[in-house]
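Q: Below are the sequence and a predicted model for it; my questions follow.
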Amino acid sequence: MLNRLMRATWTKVMTPIAKAFLALGISPDVVTIVGTLGVCFGALAFYPRGEFLVGTLVIVAFIFSDNVDGVMARLSERQGVWGAFLDSTLDRVGDAAIFGGLVLYFAGPGADLMRAGLALACLILGMVVSYAKARAEGLNLTCNVGIAERADRLFAVLLATGLVGLGLPGWVLTVVLALLALASAITVVQRMHVVHRQAVRA
């Protein structure tokens with residue numbers, strides 16, 4: 001839902017940046033790869049040490065590339081199968097790094113197995129949410145439903161993690177992780193239901 005609401009606004013904001021990158025001879029693929037590496041660095045270098053605020057700021061700085069590369073591809077008329085595949089694949093890598101960083105902290109220095117389990121559940125269920133859509137589309141079916149799409153999950157976890165890094169009590173992140181895990185599970189069921197209805201009618 002958040003992705004659909006923000007897409008037009010972000011496209012306007014990112015267009016000047018995309019044009020500047022293209023003028024410098026930078027390709028959309030490079031932006032995609034650098035953005036993913038930056039997200040992984042922020043998540044895996046800072047989150048496992050409990051440096052939530054710094055980690056979140058680094059991640060947010062690089063996660064904007066997820067919008068910039070798409071705008072660059074459209075402006076340069078280089079949209080294609082490879083770019084879509086690369087972007088989607090590396091999105092999964094970045095998502096895994098974010099929740100994986102939280103798992104490492106709560107399973108290590110943070111010493112909270114419940115939160116580690118919730119973060120792991122978010123990681124796994126988030127992957128299943130994305131896989132369900134990709135598999136459905138591979139079968140020529142549509143699967144654009146769900147209460148917890150990628151943009152929603154990222155916004156929620158990064159906001160909560162950043163605020164906890166600013167000094168909010170840790171239970172805020174616990175609640176958000178629990179709700180994200182639940183919402184992701186519901187989204188998986190929603191997508192399975194939609195695909196099942198299409199498959200039965202086929």
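A: Nice, I can see it.
Q: Retrieve the pLDDT associated with residue 193.
A: Residue 193 is assigned a predicted lDDT (pLDDT) of 95.
Q: what's the helix or strand for it?
A: In the assignment (DSSP states H and E), residue 193 maps to helix 171-201.
Q: immediately after the helix or strand containing residue 70, which helix or strand?
A: Here residue 70 sits within helix 65-75, counting by DSSP H and E. Following the chain from helix 65-75 toward its C-terminal end, the next helix or strand by DSSP H and E is helix 81-107.
Q: from the chain's centre, how far out does that following helix sit?
A: Taking CA atoms, centre = their mean, to the nearest Å, the mean C-alpha location of helix 81-107 is offset from the chain mean by 7 Å.
Q: For that helix, buried residues please.
A: For helix 81-107, the neighbour count (16 or more other CB atoms under 10 Å) marks 83, 86-87, 90-92, 94-107 as buried. Backbone N, C-alpha and C define where each C-beta goes, glycine included.
Q: Okay, angle between it and helix 171-201 too, please.
A: 140 degrees (axes from the mean of the first three to the mean of the last three CA atoms, to 10 degrees).
Q: Next, the angle from helix 81-107 to helix 65-75.
A: For helix 81-107 against helix 65-75, the angle by the same axes, to 10 degrees is 180 degrees.
Q: helices or strands up against helix 81-107?
A: For helix 81-107, the packing partners by 3 or more CB pairs under 8 Å, 6 or more residues apart in numbering; DSSP states H and E come out as helix 28-46, helix 52-63, helix 65-75, helix 113-138, helix 150-166.
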